[in-house]
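**Q** Below are the sequence and a predicted model; questions follow.
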Amino acid sequence: MRYLLALDQGTTSSRAIAFDTQGRVAALAQQEFAQHFPQPGWVEHDATEIWRTQLAVAQECIKKLPGALQGSARAATQIVAIGITNQRETTVLWDRATGRPVAPAIVWQDRRTTARCEALRRAGKAALIQRKTGLVLDAYFSATKLEWLLDRVPGARARAEAGELAFGTVDSWLVWQLTGGRVHATDPSNAARTLLMNIHTLDWDDELLRLFHIPRALLPRIVPSSGVLAETDASLLGAAIPIAGMAGDQQAATFGQACFAPGMAKNTYGTGCFMLMNTGARPVASRNQLLSTVGWQGPEQADAPRTAYCLEGSVFMAGATVQWLRDGLQIIQSAAEVEALAASVPDTGDVFLVPAFTGLGAPDWDGRARGTLVGLTRGSTRAHIARAALEAIALQSADMFGAMSRDAGLPLTELRVDGGASRNDLLMQLQADLLGVPVVRPQVTETTALGAAYLAGLAVGVWSGGDAIAAQWAVDRRFAPRLPEHARLARIARWREAVARSRGWAREEA
Ligand SMILES: Nc1ncnc2c1ncn2[C@@H]1O[C@H](COP(=O)(O)OP(=O)(O)O)[C@@H](O)[C@H]1O
Ligand SMILES: O=P(O)(O)OC[C@H](O)CO
């Protein structure tokens with residue numbers, strides 16, 4: 001048998017999934033790792049632990065591969081290529097000589113550089129940055145995180161200038177480790193999230209490097225998302241395996257959902273919510289506070305542009321809101337319980353939860369917004385709060401969907417969904433009701449990993465092109481909207497009132 005191995009390095013866990021050539025899951029292994037919150041608003045990962053867990057799950061997944069070679073030393077020879085996909089923006093700085101990180105990785109959710117972003121905005125830099133990178137000037141992205149590390153880690157700036165250190169998002173970090181420090185590379189979908197790459201030239205931009213005080217010597221080479229880059233060190237997985245695909249997790253999910261035609265969109269419900277719409281061969285500048293970003297850069301093909309761009313809406317708290325109900329409020333014991341609790345009441349009783357726990361992303365972009373629960377009465381119960389939490393996930397997505405339709409200049413006709421919380425049927429029904437268009441869940445919801453496997457498989461000839469991949473996409477369930485249009489719009493308007501109450505709350509010096 002031939003398999004593609006996807007390494008899916010997410011915010012809360014490292015996963016490895018082997019797919020067969022029909023795009024079906026053949027084996028899966030997963031390990032959670034520690035989240036560090038050393039100060040309010042800070043979120044860190046230990047990059048060494050990221051690598052250790054990622055390697056362990058890759059090895060475990062290979063052991064689990066079905067067939068005659070199961071568990072044998074030769075099992076890895078069935079893997080024809082590896083695709084890497086990863087939490088994006090998270091910033092790793094390491095020593096080229098030892099391969100060890102010089103500081104904890106600063107995670108995409110970390111807000112410590114909010115004040116720096118505000119200063120740059122006051123200095124009038126936001127428009128330049130949006131024009132070149134397609135991004136909003138926000139602490140979410142890598143550049144100010146890397147600048148912070150260079151300024152605060154003793155000796156880091158001098159060592160960076162001397163070429164002794166390497167920067168990378170998690171894809172680069174994994175490639176470095178998988179190749180025993182031979183290859184320092186990233187792909188345009190990840191580089192597009194750093195605030196350092198020009199999305200028009202697809203190269204690091206000198207003006208941006210100067211603005212953020214980043215020495216070029218730190219940066220990885222930018223290579224296509226689909227293409228053989230290197231072979232893994234044979235001692236790690238039991239064979240030298242080509243690394244042939246690499247993309248940020250949300251772009252990989254868009255690829256795995258076969259959103260190949262302009263106008264096709266997907267939403268992933270994980271820790272956060274990320275809605276991406278394919279905009280074709282050119283970036284579309286958003287007029288509604290969305291991001292323009294690189295979808296992927298593939299091999300040259302007759303039926304698809306080499307580089308596909310996307311519009312993206314990023315919401316920081318989606319499934320994580322459910323985690324907060326479980327771990328913070330402790331009104332449920334498992335994430336799955338939220339569905340029955342929320343379904344035990346017919347509506348929220350006009351209670352709204354705005355989950356701005358780490359500020360608000362698209363389309364409000366307010367680093368100082370904070371979580372807000374409004375509309376409580378003596379009749380409010382934990383069921384109303386649970387339902388308000390699910391509605392909040394769907395309402396935030398409805399905001400992004402509205403902005404996307406306005407940017408695209410055409411009404412979107414359906415939304416493909418995936419991610420852990422997309423298993424929640426009530427949430428998916430609420431989503432269809434609040435969008436006013438059908439929500440479609442595919443049979444394989446591991447679309448992030450699947451997208452990475454497809455990118456790798458295309459490069460080594462397992463799939464011939466987008467059509468062969470799209471033919472494997474199959475529907476699990478379609479949720480049709482049931483709410484009358486006037487009720488839908490009224491609900492969204494009421495939600496916007498709640499959002500307004502959450503804004504600008506944090507006073508601390510970020
Ligand atoms: N049935 C459910 N209803 C709502 N949220 C859920 C459900 N199951 C899982 N989740 C949420 O989904 C998230 C996990 O999804 P996953 O796609 O694995 O996330 P990530 O890749 O961001 O770590 C968690 O935040 C969890 O709270
Ligand atoms: O790890 P996830 O699935 O929460 O995705 C994180 C995003 O890539 C952050 O931009």
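**A** Yes, it's here. All of these numbers come straight from a predicted model, not from anything done at the bench. Numbering: from 1, shown residues only. Ligands and ions are numbered 1, 2, ... in the order given.

**Q** List the contacts of the nearest residue to Leu410 once chain neighbours are set aside.
**A** Excluding its sequence neighbours, the residue lying closest to Leu410 (C-beta to C-beta, 6 or more residues apart in numbering) is Gly263, at 6.6 Å. Where C-beta positions appear, they are placed from N, C-alpha and C, glycine not excepted. Gly263 makes contact with 277-278, 408, 410, 412, according to C-beta atoms under 8 Å, 6 or more residues apart in numbering.

**Q** Farthest-apart pair in the residues you listed, please.
**A** Asn278 and Leu410 (12.8 Å; C-beta to C-beta).

**Q** Among those two, which residue is more densely surrounded?
**A** Each of Asn278 and Leu410 had its neighbours counted (other C-beta atoms under 10 Å), and the higher figure belongs to Asn278 (22 against 10).

**Q** now the host helix or strand of that one, how far from the centre of its chain.
**A** Per DSSP states H and E: Asn278 is located in strand 273-280. Put simply, strand 273-280 sits 11 Å off its chain's centre (C-alpha atoms, centre = their mean, to the nearest Å).

**Q** Could you do stretch 469-484 as well?
**A** From the chain centre to the centre of stretch 469-484 is a distance of 22 Å (C-alpha atoms, centre = their mean).

**Q** which parts of it are buried?
**A** Of the residues in stretch 469-484, 469, 472-473, 479, 481, 483 count as buried by neighbour count, 16 or more other C-beta atoms under 10 Å.

**Q** Going by distance to ligand 1, which of those residues wins?
**A** Lowest distance from ligand 1 to those (C-beta to the nearest ligand atom) belongs to Phe479, with 14.4 Å.

**Q** ok, back up a step: check the buried residues of stretch 469-484 against ligand 2, which are close?
**A** Residues of the buried residues of stretch 469-484 in contact with ligand 2 (C-beta under 6 Å from any ligand atom): none.

**Q** Please produce TSV containing those residues, extended by distance to His200, pLDDT and secondary structure.
**A** Below are the buried residues of stretch 469-484 laid out as TSV (distance: C-beta to C-beta, whole Å; pLDDT from 0 to 100; DSSP: H, G, I helix; E, B strand; the rest coil):
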residue	distance to His200	pLDDT	secondary structure
Ile469	27	91	helix
Gln472	33	91	coil
Trp473	31	91	coil
Phe479	38	98	strand
Pro481	37	97	coil
Leu483	41	95	coil
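
**Q** which of these sit farthest apart?
**A** Pairwise distances across those (C-beta to C-beta) peak at 33.8 Å, for the pair Ile469 and Leu483.

**Q** what number of residues lie near Arg441?
**A** For Arg441, using other C-beta under 10 Å, the count is 18.

**Q** do the same with Gly295
**A** So Gly295, with other C-beta under 10 Å, has 31 neighbours.

**Q** partner strands of the helix or strand harbouring it, parallel or antiparallel?
**A** Using DSSP H and E, the element containing Gly295 is strand 291-297. Strand 291-297 has the following strand partners under DSSP bridges: strand 307-315 (antiparallel).

**Q** in the helix or strand following the strand it pairs with, what's buried?
**A** The helix or strand immediately downstream of strand 307-315 is helix 319-327, counting by DSSP H and E. In terms of neighbour count (16+ other C-beta under 10 Å), helix 319-327 has its buried residues at 319-326.

**Q** so who does the residue nearest to Ala398 when sequence neighbours are not counted touch?
**A** The spatially closest residue to Ala398, leaving aside those adjacent along the chain, is Leu434, at 4.3 Å (C-beta to C-beta, 6+ apart). Counting by C-beta under 8 Å, 6+ apart, Leu434 touches 391, 394-395, 397-398, 483, 488, 491-492.

**Q** Using neighbour counts, pick out the buried residues of stretch 215-224.
**A** 215, 218-220, 222-224.

**Q** And stretch 108-123, by the same measure?
**A** 108-114, 116-117, 120.

**Q** got it, and stretch 90-105?
**A** Buried residues in stretch 90-105, counted by 16+ other C-beta under 10 Å: 90-94, 101-105.

**Q** contacts for that stretch?
**A** 11, 36, 44-48, 50, 106-108, 142, 145-146, 149-150, 152-153, 156, 159-160, 163-170, 172-173, 176-177, 181, 184, 218.

**Q** Ligand 1 next: which of those are close?
**A** Thr11.

**Q** Which ones among the contacts of stretch 90-105 map onto strands?
**A** Among those, the residues falling in strands (DSSP state E) are 44-45, 106, 165-168.

**Q** Relative to ligand 2, which of these is nearest.
**A** Nearest to ligand 2 out of the ones in strands among the contacts of stretch 90-105 is His45 (C-beta to the nearest ligand atom; 10.8 Å).

**Q** quick one: that closest one from ligand 1, how far?
**A** 12 Å (C-beta to the nearest ligand atom, to the nearest Å).

**Q** tally of neighbours for that residue?
**A** 24.

**Q** One more: Ala240?
**A** The tally of other residues near Ala240 (other C-beta under 10 Å) stands at 15.
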